[in-house]
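> how would this look folded up:
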Amino acid sequence: MDWRDEDPGLPIKLGPASNGEYLPQPLGPTVTEALRLAREQCDRAARKLHMDRREFLKTAAASAITLFFLDTTSAAASADPGGRFLIPADALWEPLAAEERLTGDEFIMDVQGHLLEYDLNPASRGQRFWGDQFPQVNCGEEDPRACFTMTHFMEEMFLRSDTSMAVVSALPIYPEGSPLPIEVMEETRIAAIGLTRDDRIKIHAQVLPQIAELGATLEAMEEVATNYPIEGWKTFTHFPDPVTGNHYWLDDHEDGVPQVGRAMIEKSLELGINRICIHKGLSDGTKFGSPIDVGPVARDYPEMNFIIYHCGFEVDVVEGPYTEATRNRGVNRFITTLKENNIGPGGNVYGELGSIWWYLMRTPNQAAHVLGKLLAQLGENRILWGTDSIFYGSPQDQIEAFRAFSITSSYREQHGYPVLGGRAKRRIFGLNAAELYGVDPVKVRWDFTRAELAEIRRTFPDINRTLGPTSVAQYMAFHEHHRGWF
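Residues are numbered from 1 along each chain as shown. So this is what the prediction gives:
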């Protein structure tokens, strides 16, 4: 199957889909109805504008239509709407009105991007590989392994979206035989420099202190930091050692698990690297995915910056306001550990939105609660844009939806949430990450404008799909075939 032969679908992709770390969730009746209305309106608008439907679906107008009906159906289903997509009614018919609402000139730095590079030896073709159950294999390449390469990653990130800069971050894959080792990350970084003439890609190195002797882990950290220009570490406290089953905590607060978290942090500081990115949430129920260990180490190591990927979000938790009754569930666990350790705006902890925003933008009220809680606790200067791409395809739909999103005055008054305005969005989209990583946003620019880039996109083949598993069957097959890898 080749996606280019299929209907391209609506430009705002609402799933179901997953990054492989959680079961794809079915769409509820509100989202299903919104998609039905959006498809009908896109057909009407295309006819009115004398455009081919495929061509119309590549426009900002099609995105505006999808968000408009997602907003209206969600608001109608709620007694007190908390999150709204502000799309003017004339955007349903006027492409210029849609472009004015959904386009922008922000510096966008995506701090969570992923790719895979395989040896495309014909003799090994047909063997199992990490990701072979993902719809991504239908991208049109002769060898499905080629659908995961840096070439596809850079096309989805930098040509199909408004992303200015990206961080290639490690995946929870056992290091032995990984298709995303540090060598591939560095090759991607160098390739991007050759294409764009600037340092557009940053890289993280994977560190999993629970799967080796501590001494070996610290030596490996020093070797990697010496030989590669890494910007930080990516770690997974809930990732089990395939032999011992070991997990770990950052603050070594529990007997019976490896006491390695603080040693890893101290080694990183010794090496002059003051950024550690920790996956917290999307943890399939294991307690080690909880962010409760973040606050104590952030308090004790103020010179280290802790970037918390996913902010403790779990798909089986309905996100609402922070309360004492819900303080140990979902994102509230993250808020709790920050509160208990007096970490707030301007501190050394950052919340990252990868998978959170993509998943919650179909439920605007939950999205408003999560963004509102993070803004209230961390401030607009400590939230980072990440998309977990390319598992959700091009992140352009996430960017457009975030541009249009707002937290209502009702929720702000009831829950003390700050305004999610233009300044906050610019900070979140990229200015916060630029400061954290020491990047000059002015120097990271294409030789053409965003409007010209939009025109270029219209010449691309029709591939507008989520790339991670879209069904329970795909998800289960992926995990069954790759036990010990993920």
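
> just the pLDDT for Asp2.
Looking at Asp2, its pLDDT stands at 51.

> try Ala454
Residue-level pLDDT assigned to Ala454 equals 66.

> likewise for Glu480?
For Glu480, the predicted pLDDT is 75.

> what does the one helix or strand it maps to rub up against?
Glu480 is part of helix 472-481, with elements assigned from DSSP states H and E. For helix 472-481, the surrounding residues in contact (C-beta atoms under 8 Å, 6 or more residues apart in numbering) are Ser18, Gly20, Leu23, Pro24, Arg128, Gly131, Asp132, Gln133, Phe134, Pro135, Pro469, Phe486. To be clear about C-beta, it is placed using only N, CA and C from the backbone, and glycine gets the same treatment.

> at 10 Å what do you get?
If you take C-beta atoms under 10 Å, 6 or more residues apart in numbering as the criterion, helix 472-481 is touched by 16-18, 20-26, 128-135, 284, 468-469, 471, 485-486.

> ranges for the strands of the stretch 251-400 of the chain?
275-281, 305-313, 349-352, 383-384 (DSSP state E, counting those that start in this stretch).

> of the ones you listed, give the one that comes closest to Arg426.
strand 383-384 (11.7 Å; C-beta to C-beta).

> for that closest one, name the packing helices and strands.
With contacts taken as 3 or more C-beta pairs under 10 Å, 6 or more residues apart in numbering; DSSP states H and E, strand 383-384 sits against strand 109-113, strand 305-313, strand 349-352, helix 364-378, helix 432-437.

> could you dump these into a markdown table and include distance to Thr66, mean pLDDT and mean neighbour count?
Shown next, in a markdown table, are those (distance: least, C-beta to C-beta, whole Å; pLDDT from 0 to 100; neighbours: other C-beta atoms under 10 Å):
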| stretch | distance to Thr66 | mean pLDDT | mean neighbour count |
| --- | --- | --- | --- |
| strand 109-113 | 21 | 96 | 27 |
| strand 305-313 | 23 | 98 | 26 |
| strand 349-352 | 25 | 98 | 26 |
| helix 364-378 | 13 | 98 | 24 |
| helix 432-437 | 27 | 98 | 20 |
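
> out of those, which gets nearest to Gln396?
Here strand 109-113 is closest among the helices and strands packed on strand 383-384 (C-beta to C-beta), at 11.3 Å.

> about what we covered before: among the strands of the stretch 251-400 of the chain, which is nearest Leu371?
strand 383-384 (7.9 Å).

> then Arg84 would be within a helix, right?
No - counting by DSSP: H, G, I helix; E, B strand; the rest coil, one finds Arg84 to be strand, located in no helix.

> in stretch 231-251, what counts as buried?
231-241, 246-251 (16 or more other C-beta atoms under 10 Å).

> next, the distance between the ends of that stretch.
Terminal residues of stretch 231-251 are spaced 22 Å apart (C-alpha to C-alpha, to the nearest Å).

> cool, stretch 381-388 as well?
20 Å.

> which residues touch Leu384?
Contacts of Leu384 (C-beta under 10 Å, 6+ apart): 109-112, 167, 277, 307-309, 350-354, 378, 427-430, 432-433, 436-437.

> which residues of the stretch 201-350 of the chain score low on pLDDT?
For the stretch 201-350 of the chain, no stretch is flagged by pLDDT under 70.

> all helices for it, in order.
For the stretch 201-350 of the chain, the helices defined by DSSP state H, counting those that start in this stretch cover 214-227, 261-270, 294-300, 331-340.

> most packed of these?
Neighbour counts averaged per stretch over the helices of the stretch 201-350 of the chain are highest for helix 331-340, at a mean of 23; criterion: mean count of other C-beta atoms under 10 Å.

> who does that helix touch, helix- and strand-wise?
Against helix 331-340 (3+ C-beta pairs under 10 Å, 6+ apart) you get strand 275-281, helix 294-300, strand 305-313, strand 349-352, helix 364-378.

> could you dump that helix to CSV, C-alpha only?
What follows is helix 331-340, C-alpha atoms only, in CSV (Å, rounded to 0.1, in the frame of the first residue of the first chain):
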residue,chain,number,x,y,z
VAL,A,331,-0.2,15.7,35.3
ASN,A,332,-1.2,16.6,38.9
ARG,A,333,1.6,14.3,40.1
PHE,A,334,4.1,16.7,38.4
ILE,A,335,2.4,19.7,39.9
THR,A,336,2.5,18.1,43.4
THR,A,337,6.3,17.3,43.3
LEU,A,338,6.9,20.9,42.2
LYS,A,339,4.7,22.4,44.9
GLU,A,340,6.2,20.2,47.7
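
> just confirm Arg36 contacts Asp43, I think it does.
No - taking contacts as C-beta atoms under 10 Å, Arg36 lies outside contact range of Asp43: 11.3 Å.

> residues shared between the contacts of these two?
Contacts common to Arg36 and Asp43, judged by C-beta under 10 Å, 6+ apart, are absent.

> picking that back up, in TSV, list the helices and strands packed on helix 331-340 along with distance to Thr32.
TSV is the format used below for the helices and strands packed on helix 331-340 (distance: least, C-beta to C-beta, whole Å):
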stretch	distance to Thr32
strand 275-281	26
helix 294-300	37
strand 305-313	23
strand 349-352	30
helix 364-378	16
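
> tell me how far stretch 136-146 lies from the chain's centre.
22 Å (C-alpha atoms, centre = their mean, to the nearest Å).

> quick one: end-to-end distance for it.
Stretch 136-146: ends 10 Å apart by C-alpha to C-alpha.

> check which residues of that stretch are buried.
Gln136, Val137, Asn138, Cys139, Glu141, Pro144, Arg145, Ala146.

> now do that stretch, average pLDDT.
For stretch 136-146, mean pLDDT rounds to 87.

> and for stretch 18-35?
92.

> what about that stretch, how long is it end to end?
OK, stretch 18-35 end separation, C-alpha to C-alpha: 19 Å.

> which parts of that stretch are buried?
Buried residues in stretch 18-35 (16+ other C-beta under 10 Å): Ser18, Asn19, Gly20, Glu21, Tyr22, Leu23, Pro24, Thr30, Val31, Glu33, Ala34, Leu35.

> secondary structure and distance to Tyr411 added to the residues you listed, as CSV?
Below are the buried residues of stretch 18-35 laid out as CSV (DSSP: H, G, I helix; E, B strand; the rest coil; distance: C-beta to C-beta, whole Å):
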residue, secondary structure, distance to Tyr411
Ser18, coil, 28
Asn19, coil, 28
Gly20, coil, 32
Glu21, coil, 28
Tyr22, coil, 26
Leu23, coil, 28
Pro24, coil, 28
Thr30, helix, 18
Val31, helix, 20
Glu33, helix, 23
Ala34, helix, 20
Leu35, helix, 25
